[in-house]
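Peer 1: Below are the sequence and a predicted model for it; my questions follow.
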Amino acid sequence: DVWSAGILAVELALGRCPYDLARFQGPNALFEFKKMAVSEPSPSLKGVAHCSEELRSFVDQCLHKNMRARSTPPELLAHPFITRYEGFTLPAGSWLTKKAYSSSSPPRNPEFTFAPGMSKETFPGGTGKGEGKSPASKLSG
């Protein structure tokens with residue numbers, strides 16, 4: 001749901017849960033957590049320097065306490081934070097699939113196979129043998 005998407009975005013941005021879960025212990029923990037979630041302000045990324053204004057706005061629209069004021073999934077899909085990356089694809093991991101090793105120590109020259117739909121011609125390095133620019137370097141130019 002929309003609330004969960006907002007909480008997940010906050011967790012990814014902060015690298016931790018936005019709530020101090022250590023304060024919720026014992027048999028009433030779930031009740032106390034729900035009470036806190038209703039009575040305290042929603043998590044926010046305001047003041048987090050490494051977050052863009054678009055991300056802050058996206059999170060705020062996901063985490064309105066009032067469900068009627070909260071953005072809908074179609075509205076969020078049209079949000080600038082989402083549309084900004086609409087054409088972006090992360091190529092890492094989609095070009096190559098490393099073959100499983102039969103022993104516990106990897107071979108000196110591991111073999112690679114292409115992921116479904118990929119070939120030597122479509123691989124950014126050109127040969128499929130790890131030559132040329134690495135997929136990660138393509139992201140930085």
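Peer 2: Thanks, I have it.
Peer 1: Which residue ranges of the chain form helices?
Peer 2: 2-14, 29-39, 53-62, 73-77, 80-83, 135-140 (DSSP state H).
Peer 1: so how many other residues sit close to residue 6?
Peer 2: 25 (other CB atoms under 10 Å). All C-beta atoms are positioned from the backbone trio N, CA, C, and that covers glycine.
Peer 1: Tell me how far the closest residue to it other than its chain neighbours lies from residue 87.
Peer 2: Spatial nearest neighbour of residue 6, excluding adjacent residues (CB to CB, 6 or more residues apart in numbering): residue 62 at 2.6 Å. Residue 62 sits at a distance of 23 Å from residue 87 (criterion: CB to CB, to the nearest Å).
Peer 1: More neighbours: the two, which one.
Peer 2: Taking other CB under 10 Å, residue 62 and residue 87 do not tie; residue 62 has more neighbours (23 against 6).
Peer 1: quick one, what contacts that one?
Peer 2: Going by CB atoms under 8 Å, 6 or more residues apart in numbering, residue 62 touches 2, 3, 5, 6, 7, 9, 70, 71, 76.
Peer 1: Out of these, which end up buried?
Peer 2: For the contacts of residue 62, a burial check counting by 16 or more other CB atoms under 10 Å picks out 2, 5, 6, 7, 9, 70, 71, 76.
Peer 1: ok, so what distance separates the fifth one from residue 59?
Peer 2: So the one you mean is residue 9. 5 Å.
Peer 1: Now do the shared contacts for the two.
Peer 2: With CB under 8 Å, 6+ apart as the test, residue 9 and residue 59 reach no residue in common.
Peer 1: So, low pLDDT: which residues of the protein?
Peer 2: 90-141 (pLDDT under 70).
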